[in-house]
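Peer 1: Please find the sequence and the predicted model below.
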Amino acid sequence: MLYYVRFAGIKYPMESSFTPKSKELVLCKINGEHFVGLVEEKIHTEIESKGKILRPIYDSEKEKLKEMRKAENQAYQFCNEAIKHHNLPMKLVGVNKEWEGKRYKFYFLANKRVDFRELVRDLKDKFGVTIELRHIGIRDYAGCLGGVGLCGRDLCCGTFLREKQSIQLEAARDQDIYVNPSKISGPCGRLLCCLAYEHEFYKKAQEEFPDRGEKIMTERGTSTVLHRNIIKKVLTISYEDETQEEITLSELRRKGEKWVKITKQK
């Protein structure tokens, strides 16, 4: 069985031989080391496991866990100050301490490659253990935090979405969506993942339509395509006197390089 387990800055699919409870703290084995994570939902699709859930955290270990969380908070504060000191273009989002104290994992966001060698030296001098800085994607971090999207539903990246692909602005333009960043961006600040769901359909369907800005000859004269509703197969066109009209795709014919509106027979 596979479950998503949330750590300080990311969540991983983890294999388990028992059925953990939702929101239960568990001890996990990742690359031979042990970290504490929080169980989220069960995974019902095939996906590669990143480690194994070994067991729940026992009540007798709560004091040790409390001390570990305190150490992680102190490490977070120290690392944040060191990032500011070195003026590094990165944002620290979380810290995980290995259960036996062998390693600190620092999760961070950055828009470009960061030279953090001096930072690693500071952290190693401070804590005297193996230091790992893990660059995570903003979509992965949003999925880890969870939340509600513009649609009113739980974020796709925090529920069912497994592969978080890069979304291009072309996906919005091909769907004739008005390019307003506040309307087509998610809480992560990136373009909505759902823009990609039907992108291939729109790319194929729009081949039947004239492009926006293209001229159409009608009985009233020359008009320009302002908007296309690809689902309803309706176009909004504008004339030189700024009046607008809606016409259906079935009323159009291409004649050579031109589009012409068919005059209805009376």
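Peer 2: Good, I have the coordinates. Everything quoted here is computed from the prediction, not taken from an experiment.

Peer 1: show me where the protein has strands.
Peer 2: Along the chain, counting by DSSP state E, strands occupy 2-6, 11-16, 25-30, 33-43, 51-56, 91-97, 103-109, 130-135, 215-218, 221-229, 234-239, 244-248, 252-255, 258-261.

Peer 1: what lines up beside the longest one in the sheet?
Peer 2: Strand 33-43 has the following sheet partners, assigned by DSSP bridges: strand 2-6 (antiparallel), strand 25-30 (antiparallel).

Peer 1: what comes up buried for that strand?
Peer 2: Buried residues in strand 33-43, counted by 16 or more other CB atoms under 10 Å: 33, 35-37, 39-40, 43. For glycine as for every other residue, the C-beta is placed from the backbone atoms N, C-alpha and C.

Peer 1: now do the last one
Peer 2: Counting neighbours by 16+ other CB under 10 Å, one finds that the buried residues in strand 258-261 are 259, 261.

Peer 1: again with the first one
Peer 2: Within strand 2-6, the residues that qualify as buried are 2-6, counting by 16+ other CB under 10 Å.

Peer 1: chain center to the lowest-mean-pLDDT helix or strand in the chain: distance?
Peer 2: Sorting the helices and strands of the chain by mean pLDDT, DSSP states H and E puts helix 138-145 at the bottom, at a mean of 76. Centroid displacement of helix 138-145 relative to its chain, using CA atoms, centre = their mean, to the nearest Å, is 6 Å.

Peer 1: Name the residues that touch that helix?
Peer 2: 6-7, 9-11, 93, 107, 109, 155, 157-158, 161, 164, 186-190, 193 (CB atoms under 8 Å, 6 or more residues apart in numbering).

Peer 1: Kindly recompute the last result at 7 Å.
Peer 2: With CB atoms under 7 Å, 6 or more residues apart in numbering as the test, helix 138-145 has contacts from 6, 9-11, 93, 109, 155, 157-158, 164, 186-190.

Peer 1: what does stretch 249-261 give?
Peer 2: 208-210, 214, 216-218, 233, 235, 247, 262.

Peer 1: Point out where the stretch 51-200 of the chain drops to low pLDDT.
Peer 2: In the predicted model, the stretch 51-200 of the chain carries pLDDT under 70 at residues 144, 162.

Peer 1: Go again with 50.
Peer 2: Counting by pLDDT under 50, the stretch 51-200 of the chain contains no low-confidence segment.

Peer 1: Find the residue closest to Glu219 in space, skipping its chain neighbours.
Peer 2: Thr263 (5.3 Å; CB to CB, 6 or more residues apart in numbering).

Peer 1: number of nearby residues for the one you found?
Peer 2: By the criterion of other CB atoms under 10 Å, Thr263 has 9 neighbours.

Peer 1: quick one on the thing from earlier: tell me the most packed of the contacts of stretch 249-261, by neighbour count.
Peer 2: Result: Leu235 is most packed of those (other CB under 10 Å), 27 neighbours.

Peer 1: so that one makes contact with Leu226?
Peer 2: No: here Leu235 lies out of contact with Leu226, judged by CB atoms under 7 Å, at a distance of 8.0 Å.

Peer 1: list the residues that contact both of those two?
Peer 2: In contact with both Leu235 and Leu226: no residue, using CB under 7 Å, 6+ apart.

Peer 1: residues near the residue lying closest to Phe78 once chain neighbours are set aside, how many?
Peer 2: Excluding the flanking residues, the one nearest Phe78 by CB to CB, 6+ apart is Lys126, at 6.0 Å. As a burial measure, Lys126 scores 15 neighbours (other CB under 10 Å).

Peer 1: Cross-check the contact I'm expecting between Lys126 and Glu81.
Peer 2: No: using CB under 7 Å, Lys126 is not in contact with Glu81, being 10.5 Å away.
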